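# Provided below are the primary sequence and the corresponding predicted coordinates.
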Amino acid sequence: MKAIRLRDFIEDTDGRIYAVSAYDNDERVGCVLRYAPDEHGERVDPDGRRYTKLDFGPAFEYIRKHKPEYLDDLHRVPRGDIVQVYKPDERMAWIASRDPRVQRLLDSLDLQAGTVGCTGSRVLGLENGASDIDLVVYGPAWFAAQAQLKRLVEAGKLPRMSEEMWRKVYTKRIPEISFETFVLHESRKWNRGEFGDTYFDLLYTRSYDALASAPTGRGKELGRTRIEATVTDASNAFDAPAVYEVEHDAVSRVISFTHTYSGQALAGEVIEAQGVLEQHGDTQWLIVGTTREAKGEYIVSKTLMEQA
């Protein structure tokens, strides 16, 4: 069986469906409960099964009550409790057949079959009219998709993000930076676009041959701090977590567990970052996104802001 990886979905023996949120899934899959079976639920799959969609906080409350043995930093579902794995790349054709907008978006991007999928509610057939389009692109193909999106927008073949849509995204993210600073950083990432009455994300996930090198594990917490550092390597800045190798007296990495600060800086730029310091072996990592809302935690490119 293929490895379970970030942005897959899994279903347990009781019919609960989880979004996979980690790469280290050999024995217990790191995930977050998203859909709980509920005969009165508003979401209905193609087989007529009803579910209630759970946000982050309520999902943890549900697991604490009904399945406390799964509780950890994430939810950890034993491999033996998994009855089905939903893989975005393998279900792409089925997903596109259900929504012409997804097919048109897919037609706009020249990506090889198997390198792109659609995650979120659509991979389950549980989308509704308000559902965004969460495209996931694997490994090096993601950077090709990013470059294509930039060209399509600049050529006028896809619209630029409107201020109204940017404000919708900003309100959803609730970041610790101003709206103007948010848009300044986001508008150069080319990992998001507007499409009809919705928006889509280009989400990065590692290819199967790169899973083993993803950072895992918590370190010893040393307290909250703010640093300035120069980014030396941003090649995994769009991953989840996003990783920035930095030049700093004490900190070797800045890691973001919130999508808001993925792709936030380029190699060679000076960043300001605030979060929780962790000890990892003989080095320290600064962690951003230690809570769902990442209150008091952020990453900004000082270089970008000064240039602007």
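Great, that's in hand. Bear in mind that the values here come from a model prediction, so they are computed numbers and not experimental data.

# So what's the residue count around residue 35?
25 (other CB atoms under 10 Å). For glycine as for every other residue, the C-beta is placed from the backbone atoms N, C-alpha and C.

# Settle this for me: it is touching residue 51, isn't it.
Yes. When contacts are counted by CB atoms under 8 Å, residue 35 is listed as touching residue 51 (4.0 Å).

# Find residues that contact each of those two.
The contact sets of residue 35 and residue 51 overlap at 17, 43, 126 (CB atoms under 8 Å, 6 or more residues apart in numbering).

# ok, for the first one, nearest residue in space, not its chain neighbours?
Right, the one you point to is residue 17. Spatially, and ignoring its direct neighbours in sequence, residue 17 is nearest to residue 35 (4.1 Å; CB to CB, 6 or more residues apart in numbering).

# Could you say whether the one you found sits in a helix, a strand or coil?
Look at residue 35: counting by DSSP: H, G, I helix; E, B strand; the rest coil, its state is strand.

# tell me which residues form a beta bridge with it?
Here residue 35 shows beta-bridge partners residue 17, residue 53, assigned using DSSP bridges.

# wait, what's in contact with it?
16, 17, 43, 51, 52, 53, 54, 124, 126.

# for the residues you listed, which one is nearest residue 251?
Using CB to CB, residue 54 comes nearest to residue 251 of those, at 34.7 Å.

# thinking again about what came up before, neighbour-wise, which of the contacts of residue 35 leads?
Result: residue 17 is most packed of those (other CB under 10 Å), 26 neighbours.

# Tell me where the chain is predicted with low confidence.
Counting by pLDDT under 70, the chain contains no low-confidence segment.

# pretty sure residue 210 is touching residue 139, no?
Yes. Residue 210 lies in contact with residue 139 (CB under 8 Å); the separation is 6.4 Å.

# Could you list every helix and strand that the helix ranked longest in the chain packs against?
As assigned by DSSP state H, the longest helix anywhere in the chain is helix 141-154. Using 3 or more CB pairs under 8 Å, 6 or more residues apart in numbering; DSSP states H and E as the contact test, the elements touching helix 141-154 are strand 198-205.

# and the strand it packs on, how far out from the chain's middle?
Distance of strand 198-205 from its chain centroid, counting by CA atoms, centre = their mean, to the nearest Å, is 9 Å.

# going on from that strand, what's the next piece of helix or strand?
Heading C-terminal from strand 198-205, the first helix or strand you meet, by DSSP states H and E, is strand 220-236.

# Now that next one: buried residues?
Along strand 220-236, these residues count as buried under the neighbour rule (16 or more other CB atoms under 10 Å): 227, 229, 230, 231, 234, 236.
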